[in-house]
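Trainee: Need a 3D model of the sequence below.
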Amino acid sequence: MEHKDLLAFFGEEQKKDEEQRKKLQRSFDRIAWLRLAVFLAAVILLYMGLTKRPMQELYLVGGFLGVAGFLILIRLHDGVEKQQRMLEARIAAVAAYPARFGTDWREFSEDGSGYLQKADTVCRDLDLLGPGSLYQMINICQSAYGKWRLADTLKDPYSLIDEREERQEAIHELSEKPGFLLDYESAVRRAFVDGRRHPTREDASKKPGNTYTPGKIRFAGWMGLLMVLVPAMNLAVVAAILIGMIQPAWILVSFLAGYGITAGCKGRVEAETKGIFSSEMTSGQIFPIFKTIQDAEFHSAKLKAIRDRVVGTDGMMAAQKRLSRLADLKNLDYNPVVGMLLTGFAGWDFWLAFMAARWDEKHGKAFAGSFDIVAELEELGSLAVLSVVRPTVLPRLDLGYEGDRENASAKDSSVRGIRFKNLAHPLLDPGAVVSNDGELASPLTVITGSNMSGKTTFLRTVAINLVLSYVGAGVVADEFSSDYRKLFTSMRVQDDVAGGISTFYAEILRIKEMAEYNKRSESIPALCLIDEIFKGTNSADRIVGAEEALKKLSVGGSMVIVTTHDFELCSLKQTDGTPADNRHFEESYADDKLVFDYKMKDGPCKTRNARALLNLAGLLDSVE
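Mentor: All right, here's what the predicted structure looks like:
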């Protein structure tokens with residue numbers, strides 16, 4: 001689908017969902033009124049059956065039938081409510097997509113800031129996490145594990161490089177299935193954002209784990225005895241009333257006795273079953289997630305493997321289905337009337353414990369891998385979102401560094417290089433962003449240009465698209481190919497007052513890290529992106545320091561791309577005498593105003609605009 005068609009697709013989905021919302025509300029209201037009528041009728045019939053009058057037993061039977069009808073209507077009502085909650089989750093999922101086609105996604109509450117550590121300088125420099133970040137734009141994760149997994153992927157794109165081809169195939173397939181992405185996000189959102197009954201567990205400080213461990217549900221013998229005793233006692237009383245042995249009022253005594261026994265043991269029973277009923281993964285809403293996977297048709301190897309794990313012979317789908325039924329039975333407790341009746345007449349907590357133990361014994365091991373599957377698909381789906389809302393291409397990445405690093409030639413295009421056509425920044429407004437064509441193959445590239453001409457944005461554009469290519473996502477370009485490199489950045493450098501570190505020294509530490517990595521001759525060569533090198537010191541020291549640092553960084557197969565206002569660096573030569581590659585961004589003037597085209601051009605910059613900007617700000621009287 002074209003992107004304009006995709007935007008229309010989400011608009012149509014919103015209309016259909018709104019119609020379905022009205023339809024479900026009508027059904028919900030009708031059942032609610034019918035349930036109230038049946039409940040009142042049951043109360044009246046039970047009262048008449050419990051007081052002495054002709055056909056007293058018939059009234060009592062009618063009352064019990066009314067209670068049964070009321071319970072059936074409760075189930076139907078809960079079923080409609082479940083559909084409503086799923087629909088509301090879908091409405092929320094659909095509503096986020098139109099925002100992603102522009103820049104309104106910056107208002108999303110989830111931006112991944114909680115996963116950022118002080119050492120995550122690349123993430124901050126490239127807006128991978130935090131306000132206005134890639135995470136904020138593409139994240140569709142609703143589970144704590146899914147959110148953590150997406151953040152971890154963006155923080156460490158190198159850890160999944162061996163799976164890159166399989167991931168790229170899977171992510172591309174998901175990007176062509178916007179309907180599945182909506183259904184899946186809706187199901188996960190419904191399961192993990194239902195704060196009323198099953199609050200999710202957030203923990204950004206460490207990797208979230210599966211909250212369910214198989215084999216820990218215990219059903220003691222005394223529970224089995226009481227599970228039989230309570231309903232048997234009530235049935236015996238009902239039978240005695242029906243044959244006239246005792247007065248109907250004894251049913252109330254029997255009910256209160258059963259309620260007291262069950263309620264008195266509730267704490268001990270819940271202590272044995274909390275591993276299943278208090279877990280976010282066992283809320284009973286997981287089955288729709290796996291039903292979505294089961295109903296999908298996949299072609300990529302990774303997605304097919306995920307689906308096979310769900311529907312395969314290990315029983316995961318059966319475990320989900322039976323757990324969903326068990327959770328529905330547990331949810332009857334949340335209705336005060338139904339919960340009270342089941343507790344007093346059936347010893348409901350004992351029966352739930354029995355069913356939980358049986359389920360754990362038969363299906364617990366198959367269920368235990370569910371958490372990983374949910375999170376993996378959330379992470380892959382989030383990365384696919386970018387290709388839904390932006391025009392992307394599948395990048396080509398050379399994972400093998402061919403040749404001798406120490407003797408790699410800048411002219412050997414088979415060894416190094418980043419080549420692109422219509423490369424754009426994914427986080428900028430697609431209606432206003434300017435794309436660039438070009439090739440970066442030299443060990444040292446110096447980019448000059450006026451203030452606000454686009455130098456820094458270009459560095460971030462190259463780097464963020466490289467990260468996307470590493471994790472298997474599409475990149476915002478018509479063509480994109482590169483070799484594989486470890487990214488280092490020095491862009492948003494800040495001082496540390498508490499630590500006694502100035503901005504200049506903080507930048508030195510960043511560049512020192514690059515030099516030490518390069519000195520170790522790691523198997524993955526470095527790509528160092530430096531914005532306005534050593535801007536925190538005087539011009540004389542800055543130029544001398546920059547020349548020496550850049551020579552050290554651009555050897556051994558590494559690449560350095562640096563932006564600067566110091567034109568003296570344009571004539572810089574590398575250690576082997578090869579001149580640095582020069583690129584620039586420039587401005588023009590129209591109606592006494594500065595105009596930027598944000599296009600990268602060959603050679604060093606010939607213009608300056610600082611005085612013009614000072615004049616526009618009213619800080620200079622005239623511009624020469």
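Trainee: Run through the residues that contact the residue positioned nearest the centre of the chain.
Mentor: By C-alpha atoms, centre = their mean, the mean C-alpha position of the chain lies nearest to C141, the distance being 2.4 Å. Counting by C-beta atoms under 8 Å, 6 or more residues apart in numbering, C141 touches K147, R149, L150, V188, A375, E378, E379, S382. No exception for glycine: its C-beta is placed from N, CA and C like everyone else's.
Trainee: ok, so of those, who is nearest V337?
Mentor: V188 (31.9 Å; C-beta to C-beta).
Trainee: just the CA coordinates of the helix or strand where the closest one lies, formatted as PDB?
Mentor: In the assignment (DSSP states H and E), V188 maps to helix 178-192. The C-alpha atoms that make up helix 178-192 are tabulated as PDB, following Å, rounded to 0.1, in the frame of the first residue of the first chain:
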ATOM      1  CA  PRO A 178      -1.000  -3.300   9.200                       C
ATOM      2  CA  GLY A 179      -4.100  -5.200  10.100                       C
ATOM      3  CA  PHE A 180      -2.200  -7.800  12.000                       C
ATOM      4  CA  LEU A 181      -0.200  -5.200  13.800                       C
ATOM      5  CA  LEU A 182      -3.400  -3.500  15.000                       C
ATOM      6  CA  ASP A 183      -5.000  -6.800  16.100                       C
ATOM      7  CA  TYR A 184      -1.800  -7.900  17.900                       C
ATOM      8  CA  GLU A 185      -1.300  -4.600  19.700                       C
ATOM      9  CA  SER A 186      -4.900  -4.500  20.700                       C
ATOM     10  CA  ALA A 187      -4.800  -8.000  22.200                       C
ATOM     11  CA  VAL A 188      -1.600  -7.200  24.100                       C
ATOM     12  CA  ARG A 189      -2.900  -3.800  25.200                       C
ATOM     13  CA  ARG A 190      -6.100  -5.500  26.500                       C
ATOM     14  CA  ALA A 191      -4.000  -8.100  28.400                       C
ATOM     15  CA  PHE A 192      -1.500  -5.700  30.000                       C
END
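Trainee: helices or strands up against that helix?
Mentor: With contacts defined as 3 or more C-beta pairs under 8 Å, 6 or more residues apart in numbering; DSSP states H and E, helix 178-192 has these neighbours: helix 3-50, helix 56-100, helix 286-295, helix 370-389.
Trainee: For K535, find the nearest of those.
Mentor: Between these, helix 370-389 lies closest to K535; by C-beta to C-beta that is 32.1 Å.
Trainee: buried set for the closest one?
Mentor: Applying a neighbour-count criterion of 16 or more other C-beta atoms under 10 Å, one finds 370-371, 373-389 buried in helix 370-389.
Trainee: With stretch 236-252 instead?
Mentor: V237, V238, A240, I241, P248, I251.
Trainee: so who does the last one touch?
Mentor: Taking C-beta under 8 Å, 6+ apart as the definition of contact, the neighbours of I251 are L50, N234, V237, V238, I241.
Trainee: That one: which element?
Mentor: Assigned by DSSP H and E, I251 belongs to helix 250-277.
Trainee: Ok, the third one next?
Mentor: Assigning secondary structure by DSSP H and E places A240 in helix 221-242.
Trainee: residues making contact with that helix?
Mentor: Helix 221-242 has contacts (C-beta under 8 Å, 6+ apart) with 57, 60, 246-248, 250-251, 253-255, 257-258, 261-262, 265, 269, 272, 344-347, 350-351, 353-354.
Trainee: Quick one: buried ones out of those residues?
Mentor: 60, 248, 251, 254-255, 258, 261-262, 265, 269, 272, 344-347, 350-351, 353.
Trainee: if we can go back for a sec, which one of the buried residues of stretch 236-252 is nearest to K365?
Mentor: V238 (41.2 Å).
Trainee: Give me the phi and psi angles of the residue nearest to the centre of the chain.
Mentor: Here is the backbone geometry of C141 (degrees, to the nearest 10): phi -70, psi 140.
Trainee: want to throw the contacts of C141 into JSON lines with pLDDT and distance to L116?
Mentor: JSON lines is the format used below for the contacts of C141 (pLDDT from 0 to 100; distance: C-beta to C-beta, whole Å):
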{"residue": "K147", "pLDDT": "93", "distance to L116": "13"}
{"residue": "R149", "pLDDT": "93", "distance to L116": "16"}
{"residue": "L150", "pLDDT": "96", "distance to L116": "13"}
{"residue": "V188", "pLDDT": "90", "distance to L116": "24"}
{"residue": "A375", "pLDDT": "90", "distance to L116": "19"}
{"residue": "E378", "pLDDT": "96", "distance to L116": "20"}
{"residue": "E379", "pLDDT": "97", "distance to L116": "18"}
{"residue": "S382", "pLDDT": "98", "distance to L116": "17"}
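Trainee: could the residues you listed go into JSON lines alongside distance to Q494?
Mentor: Output for these, formatted as JSON lines (distance: C-beta to C-beta, whole Å):
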{"residue": "K147", "distance to Q494": "26"}
{"residue": "R149", "distance to Q494": "28"}
{"residue": "L150", "distance to Q494": "26"}
{"residue": "V188", "distance to Q494": "36"}
{"residue": "A375", "distance to Q494": "33"}
{"residue": "E378", "distance to Q494": "32"}
{"residue": "E379", "distance to Q494": "30"}
{"residue": "S382", "distance to Q494": "29"}
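Trainee: Can you tell me which of those residues is nearest V67?
Mentor: Distance to V67 across these (C-beta to C-beta) is lowest for V188, with 36.6 Å.
Trainee: from memory the closest one sits against E378, does it?
Mentor: Yes: counting by C-beta atoms under 8 Å, E378 is a contact partner of V188 at 6.4 Å.
Trainee: how about low-confidence regions in the stretch 251-400 of the chain?
Mentor: 275, 277-285, 313-314 (pLDDT under 70).
Trainee: can we see that at 80?
Mentor: Residues of the stretch 251-400 of the chain meeting the criterion pLDDT under 80: 273-286, 312-316, 320-321, 324, 327-328, 331-335, 365-371, 400.
Trainee: so A191 makes contact with P288?
Mentor: Yes: A191 is within contact range of P288, at 7.3 Å (criterion: C-beta under 8 Å).
Trainee: and these two? which has more neighbours close in?
Mentor: Neighbours were counted for A191 and for P288 using other C-beta atoms under 10 Å; A191 has more, 24 against 20.
Trainee: Quick check: the gap between the more buried one and G545.
Mentor: Using C-beta to C-beta, to the nearest Å, A191 is found at 55 Å from G545.
Trainee: and if you look at A515?
Mentor: 12 Å.
Trainee: Also R307?
Mentor: In terms of C-beta to C-beta, R307 sits 56 Å off from G545.
Trainee: And I524, how close does it get to E479?
Mentor: 24 Å.
Trainee: Could you do Q142 as well?
Mentor: Counting by C-beta to C-beta, the gap from Q142 to E479 is 35 Å.
Trainee: what do you get for A37?
Mentor: 68 Å.
Trainee: Same question for T457.
Mentor: 20 Å.
Trainee: Looking only at neighbour counts, state which of those two leads.
Mentor: Neighbour tally, T457 and E479, criterion other C-beta under 10 Å: the higher count belongs to T457, 18 against 14.
Trainee: Return the backbone torsion pair for the more buried one.
Mentor: Dihedral angles for T457 - degrees, to the nearest 10 - are phi -60, psi -40.
Trainee: list the contacts for the residue lying closest to it once chain neighbours are set aside?
Mentor: In space, T457 comes closest to H425 once its chain neighbours are excluded; the distance is 6.2 Å by C-beta to C-beta, 6 or more residues apart in numbering. With contacts defined as C-beta under 8 Å, 6+ apart, H425 is in contact with V433, T457, R460, T461, I464, V476.
Trainee: what does P430 give?
Mentor: So P430 contacts F101, G102, R390, P391, A424 (C-beta under 8 Å, 6+ apart).
Trainee: sorry, back to before: hmm, which of the buried residues of stretch 236-252 is lowest in pLDDT?
Mentor: Taking the buried residues of stretch 236-252 together, the minimum pLDDT is found at P248 (82).
Trainee: so who does the nearest residue in space to that residue that is not next to it in sequence touch?
Mentor: Nearest non-adjacent residue to P248, counting by C-beta to C-beta, 6+ apart: L50, 4.5 Å away. Counting by C-beta under 8 Å, 6+ apart, L50 makes contact with L60, P248, A249, I251, L252.
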